[in-house]
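**Q** here is my input, please return the structure:
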Amino acid sequence: MHITDLVVPLTIGGILLCGLIRRVDVAEEFTAGAKDGLRTAAELIPMLVLLMTAVGMFTSSGAAELLARLLSPLAERVGFPQECLHLAMIRPFSGSGALAAVGELFDRVSPDSFAGRVASVLMSSTETTFYTIAVYSAALGKKPDARVFIAAAAADITGFIMSSLTVRLFMF
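**A** So this is what the prediction gives:
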């Protein structure tokens, strides 16, 4: 048995003990929190369905391939592998879509190739920024400011370029 096996039971025990000391009905508080969480999840569903539908339409329509071809010369100039362009376009919107794109990329190129390593670094060092913006905006019930999208796009582009640069500097 490892000490890490005790983390969850000790945390639960600590919460129950704290509730007992403070004379709080832990079951009632848990139920209230669960209701609030379910209400928030229900409010997020329309935004998530919209985002998943848009990503599916973007990839299925061939728009992703067309955009990748248009961005190919620019990507080549900054040293970003063309094979990773599809992944870079999907990553800000969908984690599962990006994971599928990495799987497809690894079917075409070796994970140990430059493009394979860039894809791995890109996946581990970038975020689904637009998905996150959509979820938080829906949860808050506010429309995000345009500057949020500009900053997110700048962060994503920086992450994509730096993933390529990092692989080039430290692995090749």
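**Q** any idea which residue sits dead centre in this structure?
**A** For the chain, the residue nearest the mean C-alpha position is Thr128 (3.0 Å; C-alpha atoms, centre = their mean).
**Q** quick one: average pLDDT of the longest helix seen in the chain?
**A** In the chain, assigned by DSSP state H, the helix with the most residues is helix 26-60. For helix 26-60, mean pLDDT rounds to 87.
**Q** which strands or helices does it pack on?
**A** The elements that helix 26-60 packs onto, with contact taken as 3 or more C-beta pairs under 8 Å, 6 or more residues apart in numbering; DSSP states H and E, are helix 7-21, helix 85-90, helix 129-140. (Each C-beta comes from the backbone N, C-alpha and C, glycine too.)
**Q** one more pass at 6 Å, please.
**A** Here helix 26-60 touches helix 129-140, going by 3 or more C-beta pairs under 6 Å, 6 or more residues apart in numbering; DSSP states H and E.
**Q** show residues contacting the next helix or strand along the chain from the helix it packs on.
**A** Once helix 129-140 ends, the next helix or strand along the chain (criterion: DSSP states H and E) is helix 146-170. Here helix 146-170 makes contact (C-beta atoms under 6 Å, 6 or more residues apart in numbering) with 78-80, 88, 92, 117-118, 121-122, 125-126, 129, 133.
**Q** okay, the angle between helix 146-170 and helix 129-140?
**A** In terms of direction (axes from the mean of the first three to the mean of the last three C-alpha atoms, to 10 degrees), helix 146-170 departs from helix 129-140 by 150 degrees.
**Q** give me the neighbour count for Gly97.
**A** Gly97 has 22 neighbours, counted by other C-beta atoms under 10 Å.
**Q** pLDDT value on it, please?
**A** Note for Gly97: predicted pLDDT of 85.
**Q** isn't it up against Ala54?
**A** No. The pair Gly97 / Ala54 is not scored as a contact, 10.7 Å apart, by C-beta atoms under 6 Å.
**Q** picking up where we left off before, buried ones among the contacts of helix 146-170?
**A** In the contacts of helix 146-170, burial by neighbour count holds for 80, 88, 92, 117-118, 121-122, 126, 129, 133, counting by 16 or more other C-beta atoms under 10 Å.
**Q** packing partners of the helix or strand harbouring Val118?
**A** Using DSSP H and E, Val118 falls within helix 114-125. Under the contact criterion of 3+ C-beta pairs under 6 Å, 6+ apart, helix 114-125 touches helix 95-108, helix 146-170.
**Q** pipe the ones you listed into CSV and attach distance to Phe58 per row.
**A** As requested, these are exported to CSV (distance: least, C-beta to C-beta, whole Å):
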stretch, distance to Phe58
helix 95-108, 9
helix 146-170, 15
